[in-house]
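# Below are the sequence and a predicted model; questions follow.
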Amino acid sequence: MTKPIGYYTSYTPGESGLLADMQSEWGSIFEQLNQAERAWMIYQLGYQLWMGIDEGVRDLVEETINNRASHELSSVDKLGLIEALVNQMKYSN
(Lines give C-alpha, C1' and ligand atoms only; values in the text may rest on other atoms or scores of the structure.)
Protein backbone atom coordinates (compact mmCIF):
# COMPACT_ATOMS: atom_id res chain seq x y z
CA MET A 1 0.00 0.00 0.00
CA THR A 2 1.69 3.19 -1.09
CA LYS A 3 -1.16 5.51 -0.20
CA PRO A 4 -2.55 6.11 3.30
CA ILE A 5 -5.61 4.17 4.43
CA GLY A 6 -7.74 7.29 4.04
CA TYR A 7 -7.28 7.00 0.27
CA TYR A 8 -8.99 3.59 0.32
CA THR A 9 -11.48 4.12 3.16
CA SER A 10 -13.71 6.78 4.67
CA TYR A 11 -11.04 7.67 7.26
CA THR A 12 -10.09 11.34 7.60
CA PRO A 13 -7.09 12.31 9.75
CA GLY A 14 -8.21 13.61 13.12
CA GLU A 15 -11.20 11.29 13.36
CA SER A 16 -11.49 8.63 16.04
CA GLY A 17 -12.57 5.02 15.71
CA LEU A 18 -11.22 1.74 14.40
CA LEU A 19 -9.56 3.16 11.27
CA ALA A 20 -7.79 5.82 13.36
CA ASP A 21 -6.66 3.17 15.83
CA MET A 22 -5.37 0.98 13.00
CA GLN A 23 -3.42 3.85 11.47
CA SER A 24 -1.99 4.84 14.85
CA GLU A 25 -0.90 1.28 15.63
CA TRP A 26 0.34 0.11 12.22
CA GLY A 27 1.15 3.33 10.34
CA SER A 28 -0.73 5.23 7.67
CA ILE A 29 0.30 2.73 4.99
CA PHE A 30 0.26 -0.27 7.38
CA GLU A 31 4.03 -0.44 7.23
CA GLN A 32 4.17 -2.01 10.71
CA LEU A 33 2.27 -5.13 9.59
CA ASN A 34 4.13 -8.21 8.40
CA GLN A 35 3.03 -10.27 5.40
CA ALA A 36 1.32 -12.90 7.56
CA GLU A 37 -0.73 -10.20 9.30
CA ARG A 38 -1.72 -8.64 5.98
CA ALA A 39 -2.80 -12.01 4.57
CA TRP A 40 -4.75 -12.79 7.76
CA MET A 41 -6.53 -9.43 7.57
CA ILE A 42 -7.48 -10.10 3.93
CA TYR A 43 -8.84 -13.49 5.00
CA GLN A 44 -10.80 -12.13 7.98
CA LEU A 45 -12.27 -9.12 6.19
CA GLY A 46 -13.19 -11.28 3.20
CA TYR A 47 -14.84 -13.81 5.50
CA GLN A 48 -16.85 -11.06 7.18
CA LEU A 49 -18.00 -9.75 3.79
CA TRP A 50 -18.91 -13.26 2.65
CA MET A 51 -20.97 -13.93 5.78
CA GLY A 52 -23.02 -10.80 5.05
CA ILE A 53 -24.07 -11.99 1.59
CA ASP A 54 -27.19 -14.12 1.12
CA GLU A 55 -25.85 -16.10 -1.84
CA GLY A 56 -24.11 -19.44 -1.90
CA VAL A 57 -20.82 -20.39 -3.52
CA ARG A 58 -21.18 -22.70 -6.51
CA ASP A 59 -19.37 -26.05 -6.32
CA LEU A 60 -17.14 -25.32 -9.31
CA VAL A 61 -15.92 -22.05 -7.78
CA GLU A 62 -15.19 -23.74 -4.45
CA GLU A 63 -13.47 -26.74 -6.03
CA THR A 64 -11.34 -24.57 -8.31
CA ILE A 65 -10.03 -22.39 -5.51
CA ASN A 66 -9.67 -25.19 -2.94
CA ASN A 67 -8.11 -27.78 -5.23
CA ARG A 68 -6.23 -25.92 -7.94
CA ALA A 69 -5.28 -22.40 -6.88
CA SER A 70 -2.77 -23.51 -4.24
CA HIS A 71 -0.87 -25.61 -6.80
CA GLU A 72 -1.27 -23.66 -10.01
CA LEU A 73 -1.15 -19.96 -9.07
CA SER A 74 1.82 -17.92 -7.93
CA SER A 75 1.52 -15.51 -5.02
CA VAL A 76 1.56 -12.62 -7.49
CA ASP A 77 -1.34 -14.12 -9.45
CA LYS A 78 -3.30 -14.77 -6.25
CA LEU A 79 -2.83 -11.13 -5.22
CA GLY A 80 -3.87 -10.02 -8.70
CA LEU A 81 -7.06 -12.06 -8.44
CA ILE A 82 -7.77 -10.62 -4.99
CA GLU A 83 -7.31 -7.11 -6.38
CA ALA A 84 -9.60 -7.84 -9.34
CA LEU A 85 -12.29 -9.33 -7.11
CA VAL A 86 -12.10 -6.41 -4.66
CA ASN A 87 -12.57 -3.94 -7.50
CA GLN A 88 -15.51 -5.91 -8.89
CA MET A 89 -17.21 -5.95 -5.49
CA LYS A 90 -16.41 -2.31 -4.81
CA TYR A 91 -17.69 -0.94 -8.10
CA SER A 92 -20.54 -3.32 -9.02
CA ASN A 93 -24.16 -2.81 -8.07
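That came through, no problem. Numbering: from 1, shown residues only.
# got the contact list for stretch 2-20?
1, 22-23, 28-30 (CB atoms under 8 Å, 6 or more residues apart in numbering). Every C-beta, even on glycine, is put in place using the N, C-alpha and C of the backbone.
# Generate a ChimeraX selection restricted to the buried entries among those.
Buried members of the contacts of stretch 2-20 can be picked out in ChimeraX with the line below, counting by 16 or more other CB atoms under 10 Å:
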select :22,23,28,30
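# so of the contacts of stretch 2-20, which ones are in helices?
22-23 (DSSP state H).
# want to throw the contacts of stretch 2-20 into CSV with distance to Pro13 and pLDDT?
Converted to CSV, these look like this (distance: CB to CB, whole Å; pLDDT from 0 to 100):
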residue, distance to Pro13, pLDDT
Met1, 16, 55
Met22, 13, 97
Gln23, 8, 96
Ser28, 8, 94
Ile29, 13, 95
Phe30, 15, 96
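# Out of the contacts of stretch 2-20, flag the one nearest to Ile53.
Met22 (23.8 Å; CB to CB).
# Grab the nearest non-local neighbour of that closest one.
Of all residues beyond its chain neighbours, the one nearest Met22 is Ile5 (6.8 Å), with distances taken as CB to CB, 6 or more residues apart in numbering.
# tell me which residues of stretch 25-43 are tucked away?
26, 28, 30, 33.
# Which two among the residues you listed are spaced furthest apart?
Ser28 and Leu33, at 12.0 Å, using CB to CB across these.
# returning to what we had before: same list (the buried residues of stretch 25-43) but as TSV, adding distance to Leu79.
TSV is the format used below for those (distance: CB to CB, whole Å):
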residue	distance to Leu79
Trp26	19
Ser28	21
Phe30	15
Leu33	15
